[in-house]
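Undergrad: below is the structure, and that's it, no one-letter string:
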């Protein structure tokens, strides 16, 4: 996939170098032997980008729709790409080699396909947690689990100590583990 992306912007040789660097990158090698969502996310996300580029090159609305579907799937895997449809739509709308009407249709198809994929999950979160979003990692859960690691790295204290301090601060502010976003 690194080769396909690189080939669209650079020469064949440079694309091969990029693919080779990805193939021997220690982080990529480590991810490839563990069952994590990272590998699937990168594959689906890069597939979305590649299909988007082919859509721009071939001027086919169906490719933009497929790219939106893939981006929606990547966002379900990892919500970090939840705002990417905005960037994708802007890229499509500003692409000068396609007529404006086709660009408009393509942008709408791209965004619509994305929302067709993520909307059921967002609705599920609304029904279960009364919050229309992609992820429940927020509030007390985010504070207890993610921020504690950051604080521990900065201050040199243990993660457990950072969690205890955050828990005390949250209690002072009236936030506790009865929150539906708290995962224990």
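TA: Structure's in. What do you need? What you are looking at is a predicted structure, and each value in this text was computed from that prediction instead of being measured.

Undergrad: quick one, what contacts the residue nearest the centre of the chain?
TA: The centre of the chain sits closest to residue 81, judged by CA atoms, centre = their mean, with a distance of 2.8 Å. Listed by CB atoms under 8 Å, 6 or more residues apart in numbering, the contact set of residue 81 reads 45, 71, 74, 75. All C-beta spots, glycine's among them, are computed from the backbone N, C-alpha and C.

Undergrad: quick one: what helix or strand has the second one in it?
TA: Per DSSP states H and E: residue 71 is located in helix 61-77.

Undergrad: now the first one
TA: Taking DSSP H and E as the criterion, the element that holds residue 45 is helix 37-58.

Undergrad: distance check, residue 84 against residue 44.
TA: Distance of residue 84 to residue 44, computed by CB to CB, to the nearest Å: 12 Å.

Undergrad: who has more neighbours, these two?
TA: Using other CB atoms under 10 Å, the more surrounded residue of residue 84 and residue 44 is residue 44, with 20 against 16.

Undergrad: okay, now the unreliable bits of this structure?
TA: Within the chain, the ranges that satisfy pLDDT under 70 run 136-146, 174-184.

Undergrad: circling back to that earlier point, just the angle for the helix holding residue 45 relative to helix 61-77, thanks.
TA: Using axes from the mean of the first three to the mean of the last three CA atoms, to 10 degrees, the inter-axis angle of helix 37-58 relative to helix 61-77 is 160 degrees.
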